[in-house]
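Asker: missing the sequence, but the structure's below:
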């Protein structure tokens, strides 16, 4: 019998003690961390990765671009990383001239780096924004004019002459192509003013009048730029109506920012800039009212000089027989046109018909005539009917720039 059996009470079994572990859990964790640290250190010493630890992005490239990387041989399987920070001077020196692509506007250049060899190549990523303008293509007209023919002022963006001499009067013009039998025919430029004031008249003018009719937009309505773009989409030339002082001012007030004979040239220029900044896309300025202002050379001359400086034409609205605009325009040698007949001075169908007949007769006698009317539904309807019959009478309808530019050249 074993000794332990003598010490154990009858009917009881002495419990066994658990085996004692020689390695505790903290030692296991510490060992694992140590092994991981040794592995990282060995990898950093032995691995050949020049970009180890640097952020990278995987960019899809064409197979030909990847194979053209300098120093890459067929069969190379090194990982390719793309960085957007551009090549350093040392990297640029390692790339051959043939590997440096020409970059079109909107495209991006990234550096392709072979992880196995460290060689680099510049690769062009095409613009995916939908802008396909290349280095040899001309930007669209709207982009060109808004970026090159506008100048920022405290009154907003106003027209200016572009860096290559571009002018709004030609950039926004829509000259009509004339047939051989129309070149020597009498020509009429027809201006419909007041667009933006009457909603129904404006819509009628846009819907019923052909592209050769010039639209003059008043500066006070809301949404003028949208209206201007809609009219230009129909190939209409546009004028900005500038309010000018009439003889019975202020009893007859053309509205805010009216050009006045009592103001200094700098003050009128500031008001003119406010008017010019209301919308973009017009070829010139036409007066609104302004009989007194148009008769004052001291007041009108600086304004016309500013209009010419901005690459625009000026159209006299025929409000005053004493207007000095023609003499000033000839002296300053810039494109100018004068309204010969106001078509709806008396806005009745009979009087409008008489005015249209006078304008047509004037065109036959002088070769060119300019008529102006207001965008009210009854006037638009009568003029639209007259235009439909005009071709049968051997008279050609043209936009205002074809008259103004011709007047300058002659």
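Answerer: Yep, it's here. Computed from a predicted model, the values in this text were never measured in an experiment. Residues are numbered from 1 along each chain as shown.
Asker: go through stretch 204-216 and flag the buried ones.
Answerer: Neighbour counts using 16 or more other C-beta atoms under 10 Å place 204-206, 208-209, 212-216 of stretch 204-216 among the buried residues. Placement of C-beta: from N, CA and C, glycine included.
Asker: what sits up against that stretch?
Answerer: With C-beta atoms under 8 Å, 6 or more residues apart in numbering as the test, stretch 204-216 has contacts from 174, 176, 189-195, 230-231, 234-241, 286, 372, 375, 377, 380-381, 383-384, 387, 397-400.
Asker: could you redo the buried residues of stretch 204-216 as a markdown table and give each row secondary structure, distance to residue 295 and pLDDT?
Answerer: As requested, those are arranged in a markdown table below (DSSP: H, G, I helix; E, B strand; the rest coil; distance: C-beta to C-beta, whole Å; pLDDT from 0 to 100):
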| residue | secondary structure | distance to residue 295 | pLDDT |
| --- | --- | --- | --- |
| 204 | helix | 33 | 96 |
| 205 | helix | 30 | 97 |
| 206 | helix | 34 | 97 |
| 208 | helix | 35 | 96 |
| 209 | coil | 31 | 97 |
| 212 | coil | 31 | 96 |
| 213 | coil | 29 | 98 |
| 214 | strand | 25 | 98 |
| 215 | strand | 27 | 98 |
| 216 | strand | 21 | 98 |
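Asker: between those, which is nearest residue 297?
Answerer: Of all those, the one with the least separation from residue 297 (C-beta to C-beta) is residue 216, at 23.8 Å.
Asker: rewinding a little: just the ones in helices from the contacts of stretch 204-216, please.
Answerer: Counting by DSSP state H, the part of those found in helices is 230-231, 377, 380-381, 383-384, 387, 400.
Asker: quick one: buried ones out of those residues?
Answerer: 231, 380, 383-384, 387, 400.
Asker: sorry, back to before: could I get the buried residues of stretch 204-216 as TSV with distance to residue 185?
Answerer: Listed next are the buried residues of stretch 204-216 as TSV, based on distance: C-beta to C-beta, whole Å:
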residue	distance to residue 185
204	28
205	25
206	27
208	23
209	20
212	13
213	17
214	19
215	23
216	25
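Asker: closest to residue 154 among these?
Answerer: Nearest to residue 154 among those, counting by C-beta to C-beta, is residue 216 at 25.6 Å.
Asker: so that closest one bridges to which residues?
Answerer: Taking DSSP bridges, one obtains residue 239 as the residues bridged to residue 216.
Asker: distance of it from residue 339?
Answerer: In this view, residue 216 and residue 339 are 11 Å apart by C-beta to C-beta, to the nearest Å.
Asker: please enumerate the shared neighbours of these two.
Answerer: What both residue 216 and residue 339 touch, as defined by C-beta under 8 Å, 6+ apart, is the set 191, 372.
Asker: residue 352 touches residue 381, doesn't it?
Answerer: No: the pair residue 352 / residue 381 is not scored as a contact, 9.7 Å apart, by C-beta atoms under 8 Å.
Asker: just the buried members of the contacts of stretch 204-216?
Answerer: 174, 176, 189-195, 231, 236-241, 286, 372, 375, 380, 383-384, 387, 397-400.
Asker: thinking again about what came up before, closest one of the ones in helices among the contacts of stretch 204-216 to residue 330?
Answerer: residue 400 (18.0 Å).
Asker: nearest spatial neighbour of that closest one, skipping sequence neighbours?
Answerer: residue 214 (4.3 Å; C-beta to C-beta, 6 or more residues apart in numbering).
Asker: how close does the one you found sit to residue 241?
Answerer: In terms of C-beta to C-beta, residue 214 sits 12 Å off from residue 241.
Asker: what do you get for residue 302?
Answerer: Residue 302 is 19 Å from residue 241, by C-beta to C-beta.
Asker: what about the longest strand in this structure?
Answerer: Longest strand of the chain, by residue count under DSSP state E: strand 187-195.
Asker: skipping its backbone neighbours, what lies nearest residue 382 in space?
Answerer: residue 352 (4.9 Å).
Asker: for residue 347, what are its contacts?
Answerer: By C-beta under 8 Å, 6+ apart, the contact set of residue 347 is 374, 376, 378-379.
Asker: likewise for residue 330?
Answerer: Counting by C-beta under 8 Å, 6+ apart, residue 330 touches residue 336.
Asker: and for residue 384?
Answerer: 208-209.
Asker: adjust the sequence numbering to begin at 496 for everything that follows.
Answerer: Got it, first residue is 496 now, which makes that one residue 879.
Asker: need the contact partners of stretch 715-735.
Answerer: Residues outside stretch 715-735 that contact it (C-beta under 8 Å, 6+ apart) are 667-669, 686, 688, 690-692, 697, 701, 704, 706, 708-712, 714, 750-751, 770-771, 773-781, 810, 894-896.
Asker: try 6 Å
Answerer: 669, 691, 706, 709-711, 750, 773-774, 776-781, 894-896 (C-beta atoms under 6 Å, 6 or more residues apart in numbering).
Asker: make a ChimeraX selection of the buried ones in the contacts of residue 842.
Answerer: Buried residues within the contacts of residue 842, by 16+ other C-beta under 10 Å, are selected in ChimeraX with:
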select :869,871,874
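Asker: could you dump the contacts of residue 842 into TSV with distance to residue 854 added?
Answerer: Shown next, in TSV, are the contacts of residue 842 (distance: C-beta to C-beta, whole Å):
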residue	distance to residue 854
869	15
871	18
873	18
874	14
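Asker: so which of the contacts of residue 842 is the closest to residue 851?
Answerer: Of all those, residue 851 sits closest to residue 874, with 10.7 Å by C-beta to C-beta.
Asker: residue 683 versus the closest one, what's the distance?
Answerer: In terms of C-beta to C-beta, residue 874 sits 16 Å off from residue 683.
Asker: do a quick rundown of the helices in the stretch 796-905 of the chain.
Answerer: With DSSP state H, counting those that start in this stretch, the ranges of helices along the stretch 796-905 of the chain come out as 820-827, 844-861, 872-885, 895-904.
Asker: what's the most buried one of those helices?
Answerer: Comparing those by mean neighbour count (mean count of other C-beta atoms under 10 Å), helix 895-904 ranks first with a mean of 20.
Asker: cheers, nothing more for now.
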